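[1] Sharing a model that was predicted from the sequence below.
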Amino acid sequence: MRIAVSAIEKSYATVQAVRGVSFTIEPGEIFALLGPNGAGKSSIIRMLVGMTLPDIGTIQVEYQQQRYNHIPRRQLGYLPEDRGLYPDKSVEKNLLYLAQLHGLSKATAQQQMTHWLEVFELTERRHEDLKQLSKGNQQKVQLIAAVIHRPAVVILDEPFSGLDPLNQEKVVAFLKELRQQGMTVILSAHQMAMVEKLADRMLLMAKGKVVLAGTLAEIRLQAQPKQVVLIETEQAVSEDSLASVLADEHWQWQSSHSFSVTLANSTDLTHCLQRVLDSFTVRAVTMQAADLHQLYVSAMAEHQQGSAA
Ligand SMILES: Nc1ncnc2c1ncn2[C@@H]1O[C@H](COP(=O)(O)OP(=O)(O)OP(=O)(O)O)[C@@H](O)[C@H]1O
């Protein structure tokens, strides 16, 4: 399923929640919507699933040569922010009921349920009422409920919320398996370390607008266009020798055996390394890349400064 969102806007009574947002999602990719509380992520999700319409702009969904203005219900698995299963029914009854509601045969529903309960280590708990499970385990049942009917697209609003680190890792593995099975996954999340491991592309939003977009590498370039490379040498290097070898570079002496160089692009990297290798024996070269959490925090700080100015 291919999804193209073009310049959508959405306002509620007093809030302009989404302000001219565009992006595309390619079939089979994991796409992450990121941003602080109130950024507009859930509003976008509600428009993607057809719960509300954009005031302005378009959503075009292509699936098996058909076109839609939202993701067709039969092809959608959705974990909303406010979860909706039956607390007084067992895990098994909840899942089988939902699967059959989506048109799965009893045998296929059973087989799907068995597989996913195993993945989340919930097989032993399947006869317990949902309300008897911890919040984290209920969350895992909700994730299974969203995918049990094998939809083409899965939308997960905060799939990591309420989960401990080990269970968050399980969700990462679960989402990778969905991608392997060919599903398109759209998720919103606040756990950057998890998103970094998973997302093929992402959209960082603030106050209804796009702040950064693309793959992690593209986002890195947008947020931090300069690269910093740390070079460690076998022999001691003085500041004077660096000044003569790297006369045109922006370098910083770190210790007798290491220094960093800030580069504008990869061509500069080649030139810089050639000059360094002509003069010193190099032990290690490390690119100092910011992780998604750091990129997110600095992008949001910059955005806030920009909108305050
Ligand atoms: N039904 C509604 N009526 C009025 N205002 C709303 C409604 N839904 C959302 N908003 C407002 O729209 C803005 C965007 O909200 P939205 O829920 O889309 O953000 P979000 O990025 O999903 O936030 P969170 O991470 O907290 O879930 C917020 O200011 C919110 O208060």
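    In hand now; what should we look at? Numbers count the residues shown, from 1 in each chain.
[2] Name the SS class of the nearest residue to Arg67 once chain neighbours are set aside, please.
    Leaving out its chain neighbours, the residue that sits closest to Arg67 by CB to CB, 6 or more residues apart in numbering is Gln60, at 6.4 Å. No exception for glycine: its C-beta is placed from N, CA and C like everyone else's. Counting by DSSP: H, G, I helix; E, B strand; the rest coil, the backbone at Gln60 sits in strand.
[3] burial count for Gln60?
    Using other CB atoms under 10 Å, the number of residues around Gln60 comes to 14.
[4] these two touch, right, it and Ile71?
    No. Look at Gln60 against Ile71 with CB atoms under 8 Å: they stay out of range, at 11.0 Å.
[5] hey, what's in contact with both of these two?
    Ile3 (CB atoms under 8 Å, 6 or more residues apart in numbering).
[6] which regions of the stretch 1-150 of the chain sit below the pLDDT cut-off?
    81-83 (pLDDT under 70).
[7] And the helices in it, which stretches?
    Taking DSSP state H, counting those that start in this stretch, the helices of the stretch 1-150 of the chain run over residues 41-48, 91-101, 106-119, 135-147.
[8] Please name every helix or strand in contact with the first one.
    Counting contacts by 3 or more CB pairs under 8 Å, 6 or more residues apart in numbering; DSSP states H and E, helix 41-48 is packed against strand 2-11, strand 16-25, strand 30-34, strand 153-157, strand 184-188.
[9] could you redo the last one with a cut-off of 7 Å?
    strand 2-11, strand 16-25, strand 153-157, strand 184-188 (3 or more CB pairs under 7 Å, 6 or more residues apart in numbering; DSSP states H and E).
[10] Determine which of those strands approaches Asp55 most closely.
    strand 2-11 (5.2 Å; CB to CB).
[11] Can you list the buried residues in that closest one?
    Of all the residues in strand 2-11, those buried under the rule 16 or more other CB atoms under 10 Å are Ile3, Val5, Ile8, Glu9, Lys10.
[12] so which of those comes closest to Gln168?
    Scanning those for proximity to Gln168, where the rule is CB to CB, the winner is Ile3, at 25.9 Å.
[13] quick one, what contacts the closest one?
    Thr24, Ile25, Leu48, Val61 (CB atoms under 7 Å, 6 or more residues apart in numbering).
[14] Those residues, buried ones only, as a ChimeraX selection?
    Per 16+ other CB under 10 Å, the buried members of these correspond to this ChimeraX selection:
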select :25,48,61
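[15] from the contacts of Ile3, which is closest to the ligand?
    Leu48 (11.9 Å; CB to the nearest ligand atom).
[16] partner residues bridging the residue nearest to Arg67?
    Ala4 (DSSP bridges).
[17] Hmm, it is touching His70, no?
    No. The criterion here is CB atoms under 7 Å, and Gln60 misses it with His70 at 9.7 Å.
[18] from the contacts of Ile3, which two are the most distant?
    Farthest pair in the contacts of Ile3, by CB to CB: Thr24 and Leu48, 12.3 Å.
[19] Run through who's touching stretch 118-129.
    Here stretch 118-129 has contacts from 87-92, 117, 133, 137, 140-141, 144, 170, 174, using CB under 7 Å, 6+ apart.
[20] Pull up the distance across it, start to finish.
    18 Å (CA to CA, to the nearest Å).
[21] just checking, what packs against the helix or strand encompassing Leu166?
    Taking DSSP states H and E as the criterion, Leu166 maps to helix 165-180. Contacts defined by 3+ CB pairs under 7 Å, 6+ apart place helix 165-180 against helix 135-147, strand 184-188, helix 192-198.
[22] in it, what's buried?
    Quick answer for helix 165-180 (16+ other CB under 10 Å): Asn167, Gln168, Lys170, Val171, Val172, Phe174, Leu175, Leu178, Arg179.
[23] Contacts only, for the second one.
    To tie it back to what came earlier, the one meant is Gln168. Gln168 neighbours (CB under 7 Å, 6+ apart): Phe160, Gln191, Met194.
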